[in-house]
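>>> pasting the sequence and the predicted model now:
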Amino acid sequence: MLYCKTDEEVEYLRESALLVSRVLAEIAKLVKPGVSTIYLDRIAEEFICDNGAIPSFKGYNGFPATLCTSVNAEVVHGIPSDYQLREGDIISIDCGVILNGWHGDSAYTFGVGEVSEDSKRLLEYTKASLEEGVKMAVAGNRIGDISNAVQLKAESGGFSVVRGLVGHGIGKKLHERPDVPNFGKKGSGQKLKKGIVICIEPMINAGKKETILMRDEWTVKAADGKPSAHYEYTVAVDKDKANVLTTFEYIEEVLYKGN
Ligand code: MG
Ligand code: MG
């Protein structure tokens with residue numbers, strides 16, 4: 001049995017999810033050639049603390065930073081460093097916050113300056129695969145319906161789905177049951193009920209699906225060195241329509257309407 005959050009608990013989770021959405025929008029203002037990933041991390045941590053919250057990732061299993069910053073072939077869990085972003089890079093920024101004891105978790109992949117048509121297409125398909133998965137986060141469906149929808153969309157673009165890392169339940173802990181894979185069969189897995197809150201987070205590779213763990217023991221990278229993208233929403237399962245608690249609107253206001 002999966003734990004279903006009450007309506008009141010879902011509203012707490014929404015507050016956390018909206019804060020993490022605003023953190024990513026602050027970072028969206030700064031993603032430019034020449035900016036270091038450690039600088040982005042510092043700004044995110046300050047913004048979270050200024051809003052009365054705590055970074056979820058810092059210290060989680062020993063992770064050293066507030067953001068995961070994963071550039072180009074890095075899939076997830078990249079550690080912020082003095083690496084300076086370059087024109088044409090893509091960078092996944094993943095962030096979690098704890099507000100009032102509840103976690104919010106979201107990720108967005110940004111193009112740095114002008115990126116190649118191939119990279120743009122990878123970003124479009126990865127984001128679209130997330131949206132397809134979200135549509136299935138409705139009571140009565142199963143986890144595998146989400147997984148299958150993500151996989152079908154990503155593979156329809158010729159991309160591959162990372163297998164070793166999956167989405168997850170979220171609440172007072174950052175990672176709760178159930179696992180939410182980005183691949184799988186329709187109608188398989190646990191049944192979804194109103195109040196189950198999950199993070200759906202496709203990690204999609206331009207090349208092959210295989211990944212390697214780097215020597216820092218955190219950074220996961222595409223084994224073939226081709227670009228990888230990652231988007232994530234925190235979503236509450238509801239009766240007729242998924243209740244997406246995070247939003248990309250704040251980010252996209254920055255990206256498409258200027259700072
Ligand atoms: Mg995340
Ligand atoms: Mg997550």
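Sure, I can see it. On a predicted model such as this, the values are computed, not experimentally measured, just so you know. Ligands and ions are numbered 1, 2, ... in the order given.
>>> how many neighbours does the nearest residue to Ser16 once chain neighbours are set aside have?
Among residues not flanking Ser16 along the chain, Gly104 sits closest, at 3.3 Å (Cβ to Cβ, 6 or more residues apart in numbering). For every residue, glycine as well, the C-beta is placed using N, CA and C. Gly104 has 29 neighbouring residues, counting by other Cβ atoms under 10 Å.
>>> is it true that Gly104 lies in a strand?
Yes. Looking at Gly104 with DSSP: H, G, I helix; E, B strand; the rest coil, it is inside a strand.
>>> list the contacts of it.
By Cβ atoms under 8 Å, 6 or more residues apart in numbering, Gly104 lies in contact with 13, 15-21, 56, 96-97, 170, 234, 245-246.
>>> so of those residues, which ones are in helices?
13, 15-21 (DSSP state H).
>>> if you rank those residues by neighbours, which is first?
Val20 (30 neighbours).
>>> correct me, but that residue touches Val97?
Yes. Using Cβ atoms under 8 Å, Val20 makes contact with Val97 at a distance of 4.8 Å.
>>> hang on, the earlier thing: now, which of the contacts of Gly104 sits nearest ligand 1?
For the contacts of Gly104, the closest approach to ligand 1 (Cβ to the ion) belongs to Gly96, at 5.8 Å.
>>> ramachandran coordinates for the closest residue in space to that closest one that isn't next to it in sequence?
Nearest residue to Gly96 in three dimensions, chain neighbours excluded: Ser56, at 2.9 Å (Cβ to Cβ, 6+ apart). Main-chain dihedrals, Ser56, degrees, to the nearest 10: phi -70, psi -30.
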